[in-house]
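Student: No letters, just coordinates:
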């Protein structure tokens, strides 16, 4: 599904995230893992789909998400899903419940919500095994791109190369551009008492951030930061080595112990134009970090 998603996501997509739900469901830790995968809106979306006869815990095998904005909570979200879908049954139930159905480019669009709110999730069945979803404007652009009316993300040779590098390596992975990476770095800098540092300046030489996560007994995360050249990678690695061992100052409050141990356990090394980071943490530490509302 990842390569297919790149062929229909608009070219200005800045972040993608892939999850192989079928693989994760086979793990003993899945009940805990699923709590971290979806935000409240997506959990509500799952409940809505279940009322239409689609059980994402059984029927959806793979999901690829994309964001066009710099942050995953901002407008600009879309996605592709692969699994087993009974589109005709969904249509009947939508009509029976008098839920809104719209048409676009020969496709029927189904709304989670009124469909009038720009943040509502809209979904469409492409085949009996493939679906697309997202906020209305982004979903329409996805369909236009899939139809060849707009350039797709796979026309970006660098992005396509990063996807090929990650595809098949882990049940969960993602790619962010430098701008999106700068936004994600904010909590790390704040947690280390480095609020005076500007993430956009620090990460200005970053072209992309690639990550993959392996679950099983704990969580192993590998992050590859792609920089412009070897020199910028070496400088960034040196800075991240300092930031991984934050010390509270008079102006900052001590961070949760779980987050502190997670950051201090990060291995940092420069490798050519990349900075490679690896961290391993037991599920108990991940639980503590999530309960504390902090994230590295």
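Tutor: All right, it came through fine. Every value quoted in this text rests on a predicted model; they were computed, and no experiment measured them.
Student: how about the strands in this structure?
Tutor: Taking DSSP state E as the test, the strands found in the chain are 15-20, 60-67, 77-83, 101-104, 107-112, 121-127, 130-135, 172-177, 206-215, 218-227, 267-271, 274-282.
Student: any chance of the ones you listed in TSV, with mean neighbour count and mean pLDDT too?
Tutor: Backbone N, C-alpha and C define where each C-beta goes, glycine included. Putting the strands of the chain into TSV (neighbours: other CB atoms under 10 Å; pLDDT from 0 to 100) gives the following:
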stretch	mean neighbour count	mean pLDDT
strand 15-20	22	93
strand 60-67	22	92
strand 77-83	24	91
strand 101-104	12	92
strand 107-112	19	90
strand 121-127	20	92
strand 130-135	22	92
strand 172-177	23	90
strand 206-215	20	89
strand 218-227	20	88
strand 267-271	16	92
strand 274-282	18	85
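Student: In JSON lines, list those strands along with distance to residue 89.
Tutor: Shown next, in JSON lines, are those (distance: least, CB to CB, whole Å):
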{"stretch": "strand 15-20", "distance to residue 89": "25"}
{"stretch": "strand 60-67", "distance to residue 89": "16"}
{"stretch": "strand 77-83", "distance to residue 89": "14"}
{"stretch": "strand 101-104", "distance to residue 89": "14"}
{"stretch": "strand 107-112", "distance to residue 89": "12"}
{"stretch": "strand 121-127", "distance to residue 89": "11"}
{"stretch": "strand 130-135", "distance to residue 89": "13"}
{"stretch": "strand 172-177", "distance to residue 89": "30"}
{"stretch": "strand 206-215", "distance to residue 89": "33"}
{"stretch": "strand 218-227", "distance to residue 89": "37"}
{"stretch": "strand 267-271", "distance to residue 89": "49"}
{"stretch": "strand 274-282", "distance to residue 89": "42"}
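Student: for the ones you listed, which one sits closest to residue 29?
Tutor: Minimum separation from residue 29 across the strands of the chain (CB to CB) falls at strand 206-215, 5.7 Å.
Student: what's in contact with that closest one?
Tutor: Strand 206-215 has contacts (CB atoms under 8 Å, 6 or more residues apart in numbering) with 24, 27, 29, 33, 158-159, 162, 165-166, 169-178, 180-182, 184, 219-228, 236.
Student: picking up where we left off before, out of the strands of the chain, which gets nearest to residue 4?
Tutor: Per CB to CB, nearest to residue 4 of the strands of the chain: strand 77-83, 6.6 Å.
Student: quick one: that closest one to chain centroid distance?
Tutor: On the basis of CA atoms, centre = their mean, to the nearest Å, strand 77-83 sits 12 Å off its chain's mean C-alpha point.
Student: how about the helices of the stretch 51-200 of the chain, start to end?
Tutor: With DSSP state H, counting those that start in this stretch as the criterion, the stretch 51-200 of the chain has helices at 56-59, 87-96, 136-146, 157-166, 178-191, 199-202.
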